[in-house]
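1. Got a predicted structure here, sequence first:
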Amino acid sequence: MAKPEHGTLSNRAVGKLRVHKDTVYWDRELTGFGVRVYPTGSKVYIAQARGPEGPKRVAVGRHGVINADEARKRAAHIIARIKAGEEAVPEPLIRKAGPTVNEVCARYLAQYVAVRCKPATAALYRSVIDRHVLPALGRAPIAALSRARVAEFHESLYETPAVANMALRILSSMYRLAAGWGMVPEGTSNPCKALVKYPERRRERFLTDSEFTRLGRALEEAEAAGAAPPRPRWRRSGSWPLPGAAGARSSSCAGRTWRSKRASSGCPIPRRARGRSRYRRRPSSFSRTSLAPTTAPGSYRAGSLGRISGTSTRPGVS
(Lines give C-alpha, C1' and ligand atoms only; values in the text may rest on other atoms or scores of the structure.)
Protein backbone atom coordinates (compact mmCIF):
# COMPACT_ATOMS: atom_id res chain seq x y z
CA MET A 1 0.00 0.00 0.00
CA ALA A 2 1.28 3.44 -0.90
CA LYS A 3 2.49 5.56 1.99
CA PRO A 4 0.69 8.91 2.15
CA GLU A 5 2.85 12.02 2.24
CA HIS A 6 1.81 15.65 2.53
CA GLY A 7 3.35 18.75 0.97
CA THR A 8 2.67 21.61 -1.40
CA LEU A 9 2.65 20.27 -4.95
CA SER A 10 4.41 22.40 -7.53
CA ASN A 11 6.19 21.65 -10.78
CA ARG A 12 9.60 21.87 -9.14
CA ALA A 13 8.60 19.80 -6.12
CA VAL A 14 6.96 17.08 -8.21
CA GLY A 15 9.93 16.95 -10.60
CA LYS A 16 12.31 16.16 -7.73
CA LEU A 17 10.25 13.29 -6.32
CA ARG A 18 12.04 9.91 -6.43
CA VAL A 19 10.72 6.75 -4.76
CA HIS A 20 11.59 3.06 -4.48
CA LYS A 21 7.92 1.99 -4.28
CA ASP A 22 4.54 3.48 -5.17
CA THR A 23 3.97 6.58 -3.05
CA VAL A 24 1.15 9.13 -2.96
CA TYR A 25 1.95 12.73 -2.06
CA TRP A 26 -1.06 14.87 -1.07
CA ASP A 27 -1.34 18.62 -1.52
CA ARG A 28 -1.66 20.83 1.53
CA GLU A 29 -3.71 23.51 -0.20
CA LEU A 30 -6.42 21.32 -1.79
CA THR A 31 -7.72 18.34 0.16
CA GLY A 32 -8.05 15.29 -2.05
CA PHE A 33 -5.51 16.43 -4.64
CA GLY A 34 -2.27 14.46 -4.89
CA VAL A 35 0.31 12.88 -7.14
CA ARG A 36 1.17 9.19 -7.34
CA VAL A 37 4.87 8.52 -7.96
CA TYR A 38 6.07 5.19 -9.35
CA PRO A 39 9.55 3.68 -9.07
CA THR A 40 9.93 3.97 -12.83
CA GLY A 41 9.79 7.76 -12.53
CA SER A 42 6.26 8.16 -13.85
CA LYS A 43 4.07 10.63 -11.93
CA VAL A 44 0.26 10.88 -12.19
CA TYR A 45 -1.92 13.54 -10.59
CA ILE A 46 -4.99 12.16 -8.82
CA ALA A 47 -8.16 13.51 -7.20
CA GLN A 48 -9.98 11.72 -4.41
CA ALA A 49 -13.25 12.54 -2.64
CA ARG A 50 -16.21 10.84 -0.92
CA GLY A 51 -19.57 10.99 -2.64
CA PRO A 52 -23.00 9.50 -2.03
CA GLU A 53 -21.76 6.16 -3.30
CA GLY A 54 -18.55 6.18 -1.26
CA PRO A 55 -14.96 7.29 -1.87
CA LYS A 56 -13.76 7.61 -5.41
CA ARG A 57 -10.30 8.24 -6.85
CA VAL A 58 -9.77 9.58 -10.40
CA ALA A 59 -6.59 10.14 -12.41
CA VAL A 60 -6.32 13.78 -13.43
CA GLY A 61 -3.31 13.66 -15.77
CA ARG A 62 0.32 12.72 -16.16
CA HIS A 63 3.02 15.04 -14.90
CA GLY A 64 4.79 16.64 -17.84
CA VAL A 65 1.71 16.56 -20.01
CA ILE A 66 -0.04 18.97 -17.64
CA ASN A 67 1.59 21.07 -14.93
CA ALA A 68 0.74 21.15 -11.24
CA ASP A 69 -1.38 24.32 -11.38
CA GLU A 70 -3.58 23.02 -14.17
CA ALA A 71 -3.89 19.64 -12.44
CA ARG A 72 -4.98 21.38 -9.22
CA LYS A 73 -7.74 23.27 -11.07
CA ARG A 74 -8.98 20.11 -12.72
CA ALA A 75 -8.86 18.23 -9.41
CA ALA A 76 -10.97 20.93 -7.74
CA HIS A 77 -13.73 20.46 -10.38
CA ILE A 78 -13.52 16.68 -10.10
CA ILE A 79 -13.73 16.71 -6.29
CA ALA A 80 -16.75 19.04 -6.39
CA ARG A 81 -18.56 16.81 -8.88
CA ILE A 82 -17.81 13.64 -6.88
CA LYS A 83 -19.22 15.21 -3.71
CA ALA A 84 -22.31 16.29 -5.65
CA GLY A 85 -22.86 12.76 -6.94
CA GLU A 86 -22.16 13.67 -10.59
CA GLU A 87 -19.75 12.20 -13.10
CA ALA A 88 -16.20 12.67 -11.96
CA VAL A 89 -14.82 13.98 -15.26
CA PRO A 90 -16.83 16.88 -16.68
CA GLU A 91 -17.30 17.14 -20.41
CA PRO A 92 -15.24 20.36 -20.91
CA LEU A 93 -12.17 18.64 -19.48
CA ILE A 94 -12.36 15.78 -21.98
CA ARG A 95 -10.38 16.70 -25.04
CA LYS A 96 -8.55 14.85 -27.73
CA ALA A 97 -4.90 14.47 -27.00
CA GLY A 98 -3.92 14.51 -30.67
CA PRO A 99 -0.88 12.82 -32.21
CA THR A 100 1.92 11.88 -29.87
CA VAL A 101 5.62 12.56 -30.24
CA ASN A 102 6.06 8.91 -31.19
CA GLU A 103 3.73 9.30 -34.19
CA VAL A 104 5.37 12.55 -35.28
CA CYS A 105 8.83 10.95 -35.03
CA ALA A 106 7.74 8.08 -37.27
CA ARG A 107 6.47 10.48 -39.91
CA TYR A 108 9.52 12.72 -39.54
CA LEU A 109 11.89 9.82 -40.16
CA ALA A 110 9.88 8.43 -43.08
CA GLN A 111 8.96 11.60 -44.96
CA TYR A 112 11.78 13.98 -44.14
CA VAL A 113 14.96 12.28 -42.91
CA ALA A 114 14.80 9.34 -45.33
CA VAL A 115 14.24 11.68 -48.29
CA ARG A 116 16.38 14.73 -47.56
CA CYS A 117 19.27 13.43 -45.45
CA LYS A 118 22.28 11.32 -46.37
CA PRO A 119 22.44 7.76 -45.02
CA ALA A 120 24.97 8.60 -42.31
CA THR A 121 22.95 11.61 -41.15
CA ALA A 122 19.74 9.61 -41.23
CA ALA A 123 21.32 6.88 -39.10
CA LEU A 124 22.54 9.48 -36.60
CA TYR A 125 19.11 11.14 -36.35
CA ARG A 126 17.41 7.78 -35.90
CA SER A 127 19.85 6.86 -33.12
CA VAL A 128 19.23 10.12 -31.22
CA ILE A 129 15.46 9.75 -31.57
CA ASP A 130 15.39 6.09 -30.52
CA ARG A 131 17.81 6.45 -27.60
CA HIS A 132 16.81 9.83 -26.16
CA VAL A 133 13.70 11.49 -27.61
CA LEU A 134 11.25 8.58 -27.59
CA PRO A 135 12.04 7.24 -24.10
CA ALA A 136 11.57 10.69 -22.57
CA LEU A 137 8.82 12.27 -24.70
CA GLY A 138 7.39 9.50 -26.89
CA ARG A 139 4.01 9.17 -25.15
CA ALA A 140 3.35 12.88 -24.73
CA PRO A 141 1.04 14.63 -27.22
CA ILE A 142 3.03 16.86 -29.54
CA ALA A 143 0.65 19.77 -28.89
CA ALA A 144 1.13 19.43 -25.12
CA LEU A 145 4.90 19.89 -25.19
CA SER A 146 5.78 22.91 -23.11
CA ARG A 147 8.99 24.89 -23.14
CA ALA A 148 9.65 23.89 -19.54
CA ARG A 149 9.44 20.20 -20.36
CA VAL A 150 11.69 20.53 -23.41
CA ALA A 151 14.19 22.49 -21.31
CA GLU A 152 14.10 19.77 -18.66
CA PHE A 153 14.72 17.15 -21.35
CA HIS A 154 17.62 19.18 -22.73
CA GLU A 155 19.15 19.56 -19.27
CA SER A 156 18.88 15.83 -18.63
CA LEU A 157 21.49 15.29 -21.37
CA TYR A 158 24.03 17.73 -19.94
CA GLU A 159 26.72 15.04 -19.78
CA THR A 160 26.72 14.84 -23.60
CA PRO A 161 26.35 18.45 -24.82
CA ALA A 162 26.60 17.61 -28.53
CA VAL A 163 23.85 14.98 -28.26
CA ALA A 164 21.69 17.34 -26.19
CA ASN A 165 21.97 20.10 -28.79
CA MET A 166 21.29 17.68 -31.63
CA ALA A 167 18.18 16.33 -29.88
CA LEU A 168 16.97 19.91 -29.41
CA ARG A 169 17.52 20.69 -33.09
CA ILE A 170 15.66 17.53 -34.11
CA LEU A 171 12.72 18.40 -31.84
CA SER A 172 12.58 21.94 -33.21
CA SER A 173 12.63 20.75 -36.83
CA MET A 174 10.08 18.04 -36.08
CA TYR A 175 7.70 20.50 -34.38
CA ARG A 176 7.99 22.92 -37.29
CA LEU A 177 7.17 20.17 -39.80
CA ALA A 178 4.31 18.90 -37.61
CA ALA A 179 2.76 22.36 -37.78
CA GLY A 180 2.92 22.22 -41.56
CA TRP A 181 1.39 18.74 -41.55
CA GLY A 182 -1.55 19.94 -39.46
CA MET A 183 -0.58 17.85 -36.43
CA VAL A 184 -0.16 20.93 -34.22
CA PRO A 185 -2.87 23.59 -33.69
CA GLU A 186 -2.28 26.80 -35.61
CA GLY A 187 -0.71 29.64 -33.68
CA THR A 188 1.16 27.33 -31.29
CA SER A 189 4.70 28.50 -30.68
CA ASN A 190 7.64 26.15 -31.01
CA PRO A 191 8.63 25.03 -27.46
CA CYS A 192 12.26 24.64 -28.56
CA LYS A 193 12.57 28.28 -29.54
CA ALA A 194 14.92 30.54 -27.55
CA LEU A 195 16.36 27.68 -25.50
CA VAL A 196 20.07 28.13 -24.83
CA LYS A 197 22.25 25.35 -26.25
CA TYR A 198 25.37 23.97 -24.62
CA PRO A 199 28.74 25.16 -25.94
CA GLU A 200 30.37 22.56 -28.14
CA ARG A 201 34.06 21.95 -28.79
CA ARG A 202 35.15 21.07 -32.28
CA ARG A 203 36.96 17.79 -32.60
CA GLU A 204 39.71 17.12 -35.12
CA ARG A 205 42.36 14.55 -35.87
CA PHE A 206 45.21 14.10 -38.32
CA LEU A 207 45.57 11.38 -40.92
CA THR A 208 47.71 8.42 -39.97
CA ASP A 209 50.51 6.97 -42.09
CA SER A 210 48.29 4.25 -43.47
CA GLU A 211 45.55 6.74 -44.29
CA PHE A 212 48.04 8.97 -46.12
CA THR A 213 49.16 5.96 -48.13
CA ARG A 214 45.60 5.03 -49.06
CA LEU A 215 44.82 8.65 -49.94
CA GLY A 216 47.84 8.82 -52.24
CA ARG A 217 46.88 5.60 -54.00
CA ALA A 218 43.30 6.82 -54.46
CA LEU A 219 44.53 10.11 -55.94
CA GLU A 220 46.86 8.27 -58.31
CA GLU A 221 44.05 5.98 -59.48
CA ALA A 222 41.67 8.90 -59.95
CA GLU A 223 44.27 10.89 -61.87
CA ALA A 224 45.13 7.93 -64.10
CA ALA A 225 41.45 7.32 -64.83
CA GLY A 226 40.87 10.99 -65.65
CA ALA A 227 38.40 11.42 -62.81
CA ALA A 228 40.55 14.02 -61.03
CA PRO A 229 42.47 17.04 -62.32
CA PRO A 230 46.28 16.76 -62.53
CA ARG A 231 48.35 17.67 -59.52
CA PRO A 232 48.92 21.44 -59.19
CA ARG A 233 52.33 22.67 -60.37
CA TRP A 234 54.13 25.94 -59.84
CA ARG A 235 52.03 28.87 -61.03
CA ARG A 236 53.20 32.13 -62.51
CA SER A 237 51.24 34.03 -59.85
CA GLY A 238 53.66 32.76 -57.24
CA SER A 239 51.27 30.48 -55.36
CA TRP A 240 52.20 26.85 -54.88
CA PRO A 241 50.45 23.67 -53.76
CA LEU A 242 49.93 23.23 -50.04
CA PRO A 243 50.42 20.11 -47.91
CA GLY A 244 47.11 18.64 -46.78
CA ALA A 245 48.26 18.27 -43.18
CA ALA A 246 49.81 21.73 -42.81
CA GLY A 247 46.48 23.51 -42.38
CA ALA A 248 47.66 26.51 -44.44
CA ARG A 249 45.35 28.57 -46.64
CA SER A 250 46.09 29.29 -50.29
CA SER A 251 45.41 33.02 -49.77
CA SER A 252 48.10 33.14 -47.07
CA CYS A 253 50.72 31.49 -49.29
CA ALA A 254 50.05 33.34 -52.55
CA GLY A 255 53.16 35.20 -53.67
CA ARG A 256 55.47 33.29 -51.32
CA THR A 257 58.70 31.67 -52.49
CA TRP A 258 60.79 28.79 -51.28
CA ARG A 259 63.00 31.26 -49.40
CA SER A 260 60.13 31.97 -46.99
CA LYS A 261 59.75 28.39 -45.87
CA ARG A 262 60.78 27.34 -42.41
CA ALA A 263 64.16 25.63 -42.49
CA SER A 264 63.54 23.88 -39.19
CA SER A 265 60.50 21.92 -40.36
CA GLY A 266 61.17 21.61 -44.06
CA CYS A 267 57.55 22.57 -44.82
CA PRO A 268 56.81 25.51 -47.13
CA ILE A 269 55.02 27.54 -44.44
CA PRO A 270 55.81 31.27 -44.31
CA ARG A 271 57.16 32.60 -41.01
CA ARG A 272 55.20 35.39 -39.38
CA ALA A 273 57.15 38.45 -38.26
CA ARG A 274 55.50 38.64 -34.86
CA GLY A 275 52.38 37.50 -33.07
CA ARG A 276 51.04 34.04 -32.46
CA SER A 277 51.29 31.67 -35.40
CA ARG A 278 48.00 30.93 -37.12
CA TYR A 279 49.16 27.56 -38.37
CA ARG A 280 48.81 24.35 -36.40
CA ARG A 281 51.84 22.37 -35.34
CA ARG A 282 52.47 19.11 -37.01
CA PRO A 283 51.62 16.00 -35.00
CA SER A 284 54.34 13.84 -33.54
CA SER A 285 54.13 11.43 -36.49
CA PHE A 286 55.69 14.11 -38.73
CA SER A 287 59.47 14.28 -38.80
CA ARG A 288 62.25 15.42 -41.04
CA THR A 289 62.82 11.89 -42.23
CA SER A 290 59.21 11.72 -43.43
CA LEU A 291 60.03 14.45 -45.94
CA ALA A 292 62.95 12.55 -47.49
CA PRO A 293 62.49 10.70 -50.79
CA THR A 294 61.48 7.07 -50.53
CA THR A 295 63.06 4.21 -52.42
CA ALA A 296 59.87 3.58 -54.39
CA PRO A 297 59.01 6.40 -56.83
CA GLY A 298 55.40 7.52 -56.72
CA SER A 299 54.89 6.50 -53.06
CA TYR A 300 53.50 8.67 -50.28
CA ARG A 301 54.33 9.28 -46.65
CA ALA A 302 52.65 11.11 -43.83
CA GLY A 303 53.86 14.71 -43.90
CA SER A 304 55.24 14.55 -47.44
CA LEU A 305 54.53 17.53 -49.63
CA GLY A 306 53.48 15.54 -52.62
CA ARG A 307 54.34 12.54 -54.73
CA ILE A 308 58.00 11.55 -54.55
CA SER A 309 59.21 10.85 -58.06
CA GLY A 310 62.90 10.33 -58.84
CA THR A 311 65.17 12.47 -56.69
CA SER A 312 63.03 15.62 -56.43
CA THR A 313 61.03 16.38 -53.29
CA ARG A 314 59.35 19.49 -54.70
CA PRO A 315 55.58 19.04 -54.95
CA GLY A 316 54.25 18.60 -58.44
CA VAL A 317 57.72 18.26 -59.99
CA SER A 318 58.66 14.85 -61.37
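-> Arrived safely, thanks for sending.
2. In the helix or strand harbouring Arg81, which residues have enough neighbours to count as buried?
-> In this assignment (DSSP states H and E), Arg81 forms part of helix 68-83. Of all the residues in helix 68-83, those buried under the rule 16 or more other C-beta atoms under 10 Å are Ala68, Ala71, Arg72, Arg74, Ala75, His77, Ile78, Ile79, Arg81, Ile82. Glycine gets a C-beta too; all of them are placed from N, C-alpha and C.
3. Which elements pack onto that helix?
-> Packed against helix 68-83 by the contact rule (3 or more C-beta pairs under 8 Å, 6 or more residues apart in numbering; DSSP states H and E) you find helix 11-15, strand 33-37, strand 43-51, strand 54-62.
4. Buried residues in the first one, which are they?
-> Looking back up the chat, that one is helix 11-15. Across helix 11-15, burial judged by 16+ other C-beta under 10 Å covers Asn11, Val14.
5. ditto for the last one
-> Applying a neighbour-count criterion of 16+ other C-beta under 10 Å, one finds Lys56, Val58, Val60, Gly61, Arg62 buried in strand 54-62.
6. Next, count neighbours for Thr160.
-> A count of nearby residues for Thr160, using other C-beta atoms under 10 Å, gives 12.
7. hang on, the earlier thing: going by distance to Arg18, which of the buried residues of strand 54-62 wins?
-> For the buried residues of strand 54-62, the residue nearest Arg18 by C-beta to C-beta is Arg62; the value is 16.7 Å.
8. Quick check, that closest one in contact with Ile46.
-> No: the criterion here is C-beta atoms under 8 Å, and Arg62 misses it with Ile46 at 10.8 Å.
9. Can you give the domain ranges for this structure?
-> Following automatic domain parsing, the chain resolves into domains at 3-93, 101-180, 213-318.
10. how much space between the nearest residue to Val163 once chain neighbours are set aside and Met166?
-> Ranked by C-beta to C-beta, 6 or more residues apart in numbering and with sequence neighbours excluded, the top spatial neighbour of Val163 is Leu157, at 5.7 Å. Counting by C-beta to C-beta, to the nearest Å, the gap from Leu157 to Met166 is 9 Å.
11. Generate CSV for the helices and strands packed on helix 68-83, with distance to Ala144 and mean pLDDT as supplementary columns.
-> Converted to CSV, these look like this (distance: least, C-beta to C-beta, whole Å; pLDDT from 0 to 100):
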stretch, distance to Ala144, mean pLDDT
helix 11-15, 14, 86
strand 33-37, 17, 91
strand 43-51, 14, 90
strand 54-62, 9, 87
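12. do you know which of those lies nearest Leu145?
-> For Leu145, the closest of those is strand 54-62, at 12.9 Å, according to C-beta to C-beta.
13. which neighbours does the closest one have in its sheet, and in what orientation?
-> With DSSP bridges as the test, strand 54-62 is paired with strand 43-51 (antiparallel).
14. what's the angle between the partner strand and strand 33-37?
-> Interaxial angle, strand 43-51 versus strand 33-37 (axes from the mean of the first three to the mean of the last three C-alpha atoms, to 10 degrees): 140 degrees.
15. In strand 43-51, which residues are buried?
-> Residues of strand 43-51 classed as buried under the neighbour-count rule (16+ other C-beta under 10 Å) are Lys43, Val44, Tyr45, Ile46, Ala47, Gln48, Ala49.
16. longest helix anywhere in the chain?
-> Longest helix of the chain, by residue count under DSSP state H: helix 161-180.
17. I'd say Asn11 and Ala71 touch.
-> No: shown here, Asn11 and Ala71 do not form a contact pair, counting by C-beta under 8 Å, at 9.8 Å.
18. Report the contact partners of the nearest residue to Tyr198 once chain neighbours are set aside.
-> Distances taken as C-beta to C-beta, 6+ apart place Pro161 nearest to Tyr198, at 3.5 Å, with adjacent residues excluded. By C-beta atoms under 8 Å, 6 or more residues apart in numbering, the residues touching Pro161 are Tyr198, Pro199, Glu200.
19. Look up how far Pro119 lies from Pro161.
-> Using C-beta to C-beta, one gets 25 Å for the distance from Pro161 to Pro119.
20. ditto for Ile129
-> Here Ile129 is placed at a distance of 16 Å from Pro119 (C-beta to C-beta).
21. So for the two, which residue has more residues nearby?
-> A count of neighbours by other C-beta under 10 Å puts Ile129 above the other of Ile129 and Pro119, at 24 against 8.
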